[in-house]
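K.L.:
this is a predicted model, with the sequence first.
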Amino acid sequence: MQPEPAVQDIFGEHPYSTLVAETRDFAIFLVDQGGRIVSWNEGARLLFGYENEEIVGQLAEVLFVPEDQQHGVPQREINTARAEDVRWHLKKDGGRFWANGVMTPFHNEEGKLCGFAKIARDDTARKQSEDAARANQERFDLVSRATRDAIWDCNVATGDVWWNNNVQVLFGYTTDGGNKTREWWMERIHPDDRTRVVASIIGVLRGGGNMWSSEYRFQRASGSYAPVFDRGYIQRDEAHHTDYRVL
């Protein structure tokens, strides 16, 4: 089946058609109203693995994983054009990749719908990183439930701190969804201990150490102070430090 001429020529008439065709960082392709692929750029060839002559004329659903094909996702994507599409897609060799893209409708000079343009990129690395971080957090949550200690996880780069529920049991503070700041913690260290404790943490971070510990007084929600022994295990990467501590 040949694609509709109005769709087939839509890039060829555009002054930036060569730029679109040769773009390698993004997969860009056109489909007609029936969902058949009518144009295929270099980025699409690299990402999906199909040569132009192999894919043009085929239904775009061949690029979707089987479970999405069964649930009518390819047609739904056309029906909701302009909405961001984030899902698994299928390569020619059967491999899957996590795609972030959007489908945009095209109209002719008379305003009649003549097809759709899909722009997508491989976002697998980011998804894998997010999945790994989520799994680590879930494991951390399980560990925190198995102890009577107050546990907190501080992102040193942002100052965000996550606390487990024992901060309420031991000190009377609600976790507010587990989100407090580094400043919140520092303000509750006894004034006579604060300078020493903060200086010791900075010394370990700047010195490249991976463990820290200190004894100090921490203010309860009632206003009284509790003596604590706090120890930290520091995890580093190229972008930031994550500091795990147990009170």
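P.N.:
Looks like it came in fine.
K.L.:
any idea how this structure splits into domains?
P.N.:
Following the assignment in automatic domain parsing, the chain carries domains at 5-122, 127-246.
K.L.:
contact partners for the closest residue to residue 44 other than its chain neighbours?
P.N.:
Nearest residue to residue 44, sequence neighbours excluded (C-beta to C-beta, 6 or more residues apart in numbering): residue 27, at 3.8 Å. In this view, the C-beta of every residue, glycine as well, is placed from N, C-alpha and C. The neighbourhood of residue 27, defined by C-beta atoms under 8 Å, 6 or more residues apart in numbering, consists of 41, 43-44, 46-48, 99, 101, 118-121.
K.L.:
re the thing from before, the domains of the chain into JSON lines, with extra columns for mean pLDDT?
P.N.:
Putting the domains of the chain into JSON lines (pLDDT from 0 to 100) gives the following:
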{"stretch": "domain 5-122", "mean pLDDT": "85"}
{"stretch": "domain 127-246", "mean pLDDT": "82"}
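K.L.:
now, of the ones you listed, which is deepest in the fold?
P.N.:
Compared across the domains of the chain, domain 5-122 shows the largest average neighbour count, a mean of 16 (mean count of other C-beta atoms under 10 Å).
K.L.:
how close does residue 204 sit to residue 230?
P.N.:
12 Å (C-beta to C-beta, to the nearest Å).
K.L.:
check residue 111 too.
P.N.:
To residue 230, residue 111 is 67 Å away according to C-beta to C-beta.
K.L.:
and for residue 163?
P.N.:
13 Å.
K.L.:
please enumerate the helices of this structure.
P.N.:
For the chain, applying DSSP state H gives helices covering 5-8, 17-22, 42-48, 52-55, 66-70, 73-79, 124-145, 166-171, 182-187, 191-207.
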